[in-house]
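In: give me coordinates for this.
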Amino acid sequence: MLKKIVGLIVLVVSLIGCTSTKEYKEIDRVPFRVEKNKTKSGDYSLDYSFFEDRNLPIPNNFTGKPSEYLIARNDTLKKYGYDFFEGDDEEKALKFYKDLEVRGYGDNSAYWRWKVVLDKDDFFKAIENNLESVYRGRPREVLTLSQGSWKSLKITDGSVGRVKNVEVAGRGRSGVVTYILVTTTEHKYLIAKELNIRKLFALNKKRAESSSDILLYGAKGGAKEYQANPIRRNITLFPSAYFSMEYSGNRVAIYGGGYGHGVGMSQYAASDLAKNHDYNYKQILDRNYPNTKLKNMYSLKGVGKIINVGITNSARGMDHSKVVLLSNGKMRINGSGFKIDVPAKQKIVVENKGNRLWISVNGKHRVKTVNSVNITAHGYYITLEGVRRGHTSMPRYRGDMKLNLSKTNSKGIRVINQVKIEDYLKQVVPSEMPESFGLEALKAQAVAARTYALSDYMKNRYEADGFHVKDTTESQVYNNANENENSIKAIEATAGKVLMSGDKPVDAKYFSTSSGFTEASNYIW
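Out: Model (predicted):
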């Protein structure tokens, strides 16, 4: 989730600063202009005046129902007077994102405000080169104007034409860009939704066919200028879809704010609220997920204490070519018709040969099987050798390991970590939030992460693959950072607690840095 990307975790750890908003207070713990159940009333919809003014057809990509708890919220401080975005007003957007003095919750992140300036031709070339790949990923959300309507027509390299203009065509209530219009010599293209837009704006010298690095500069709240050193070089995923563009001659400047999708809990804001506004974790959760209740997940029917985690290889795919396991304790391999006891510190090597698992111990071949095998270290950590993570190339795991032949790769092996949910969190929370964010923020993160995991667990999202969650941002980042004492304290202090809406766990979205607002989930996905 924050860090839903490996590079994001590293960046977030580096962004911690000393800027404080302690001198400002909320009124009765209610953030400025949060309107309860606003999304339920249905009185807000996207503004389509951009399309109407240009006699363009009205698109229809945002048909999801609003959530009672993932709502638009103002994270700027009342003193600065910014309110929700209403209507098509690019001048207001540009003013907001260029304002380096505006303060808000979590503004000690260097991504609170950011900018990138580049040659317009380089910018257009990057957009041109990115269009086809964005279409390939989500064809229903990359549309071509054809015969008076927006259609999902096949886009291939070379068919795009030369880009002539790139415009913001729509915004959500939070200011997030909902539509980008790209005009080329051949067509008009409409790109919808936050993640597609962030991928479209992958601005790096390779995509721009530039000889120079493309630099992104950041600023914390209350700053008078951007930091001297860039916080990113050669952007492969735009920090957020909260931005505005300013063209000047042959240059384009893009001013923006925030890091991540902008829905649910901003992790920097959670830390700020705890450290500078005396919020406890329950108050942080109430603010970020209104209309929810805390409940013990283990009291829910059908919920066990073990979660199955799909472990990716170093290239982030699911199939491993070879698996090497070792432990400081004795291990046991349990297979169909056999059991093998392995002394401490001896390596188990598993390879896929001829669609069979070949298992060797301490360099000696022991058995081959077409069935899955389970490996336990009787409570000791199990290390996977050669699996690169953010902190090591030899990550160690709590719980047991299950190995299967891949169903999709004749040479692949699937690795599943079977672990207690509370122990799973001990390797999620530090991967998603730095220890320095403080105990109360870590408690809020622990509840959000536990809830997020339970939601996937109950949906059986990856049932066909034999696990409940992945170890990547597609679920939550798992074991990408070392465990730490405060994260463990936070997990144990909130043991079993999840956020519920009615009889279901909520979709507890979280992200790194607010731009000053959060968005209702139905205008992001």
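
In: can you pull out the strands in the stretch 401-525 of the chain?
Out: 413-420, 469-470, 497-501, 504-505, 510-511, 517-518 (DSSP state E, counting those that start in this stretch).

In: tell me which residues in the longest helix anywhere in the chain are buried?
Out: Using DSSP state H to define each element, the chain has its longest helix at helix 439-459. Buried residues in helix 439-459, counted by 16 or more other C-beta atoms under 10 Å: 439-457. The way it works is simple: take the backbone N, C-alpha and C, and place the C-beta from them, glycine included.

In: for that helix, output the C-alpha coordinates as PDB.
Out: Taking Å, rounded to 0.1, in the frame of the first residue of the first chain, the C-alpha atoms of helix 439-459 are listed here in PDB:
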ATOM      1  CA  LEU A 439       3.500   4.200  18.500                       C
ATOM      2  CA  GLU A 440       0.000   5.600  18.000                       C
ATOM      3  CA  ALA A 441       0.500   6.000  14.300                       C
ATOM      4  CA  LEU A 442       1.900   2.500  14.200                       C
ATOM      5  CA  LYS A 443      -1.100   1.200  16.100                       C
ATOM      6  CA  ALA A 444      -3.400   2.800  13.500                       C
ATOM      7  CA  GLN A 445      -1.300   1.300  10.700                       C
ATOM      8  CA  ALA A 446      -1.500  -2.200  12.400                       C
ATOM      9  CA  VAL A 447      -5.300  -2.000  12.500                       C
ATOM     10  CA  ALA A 448      -5.500  -0.800   8.900                       C
ATOM     11  CA  ALA A 449      -3.100  -3.500   7.700                       C
ATOM     12  CA  ARG A 450      -4.900  -6.200   9.700                       C
ATOM     13  CA  THR A 451      -8.200  -5.100   8.300                       C
ATOM     14  CA  TYR A 452      -6.800  -5.000   4.700                       C
ATOM     15  CA  ALA A 453      -5.500  -8.500   5.100                       C
ATOM     16  CA  LEU A 454      -8.800  -9.800   6.500                       C
ATOM     17  CA  SER A 455     -10.700  -8.300   3.600                       C
ATOM     18  CA  ASP A 456      -8.600 -10.200   1.100                       C
ATOM     19  CA  TYR A 457      -8.800 -13.300   3.300                       C
ATOM     20  CA  MET A 458     -12.600 -13.300   3.300                       C
ATOM     21  CA  LYS A 459     -12.800 -12.500  -0.400                       C
END
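
In: if you average pLDDT over that helix, what comes out?
Out: The average pLDDT within helix 439-459 is 95.

In: mean neighbour count, the strands of the stretch 401-525 of the chain: which tops it?
Out: Each of the strands of the stretch 401-525 of the chain was given a mean neighbour count from mean count of other C-beta atoms under 10 Å, and the largest, a mean of 28, is that of strand 517-518.

In: mind listing what it pairs with, with the direction of each?
Out: strand 73-74 (antiparallel) (DSSP bridges).

In: what average pLDDT does the partner strand get?
Out: According to the model, strand 73-74 has a mean pLDDT of 94.

In: alpha carbons of the following helix or strand past it, as CSV, please.
Out: Next along the chain after strand 73-74, taking DSSP states H and E as the criterion, comes helix 90-98. Extracted in CSV, the C-alpha atoms of helix 90-98 (Å, rounded to 0.1, in the frame of the first residue of the first chain):
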residue,chain,number,x,y,z
GLU,A,90,-7.5,25.0,-13.6
GLU,A,91,-6.3,28.4,-12.3
LYS,A,92,-7.4,27.4,-8.8
ALA,A,93,-5.6,24.1,-9.1
LEU,A,94,-2.4,25.6,-10.3
LYS,A,95,-2.5,28.2,-7.5
PHE,A,96,-3.0,25.4,-4.9
TYR,A,97,-0.3,23.1,-6.1
LYS,A,98,2.2,26.0,-6.5
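
In: packing partners for the helix or strand just after helix 90-98?
Out: Counting by DSSP H and E, the next helix or strand C-terminal to helix 90-98 is strand 113-119. With contacts taken as 3 or more C-beta pairs under 8 Å, 6 or more residues apart in numbering; DSSP states H and E, strand 113-119 sits against strand 215-219, strand 251-256.

In: burial of G64, as a residue count?
Out: Residues lying near G64 (other C-beta atoms under 10 Å) number 12.

In: helix, strand, or coil at it?
Out: For G64, the assignment made with DSSP: H, G, I helix; E, B strand; the rest coil gives coil.

In: what about the closest residue to it other than its chain neighbours, distance to I180?
Out: Spatially, and ignoring its direct neighbours in sequence, G64 is nearest to N522 (4.0 Å; C-beta to C-beta, 6 or more residues apart in numbering). The gap separating N522 from I180 is 19 Å, by C-beta to C-beta, to the nearest Å.
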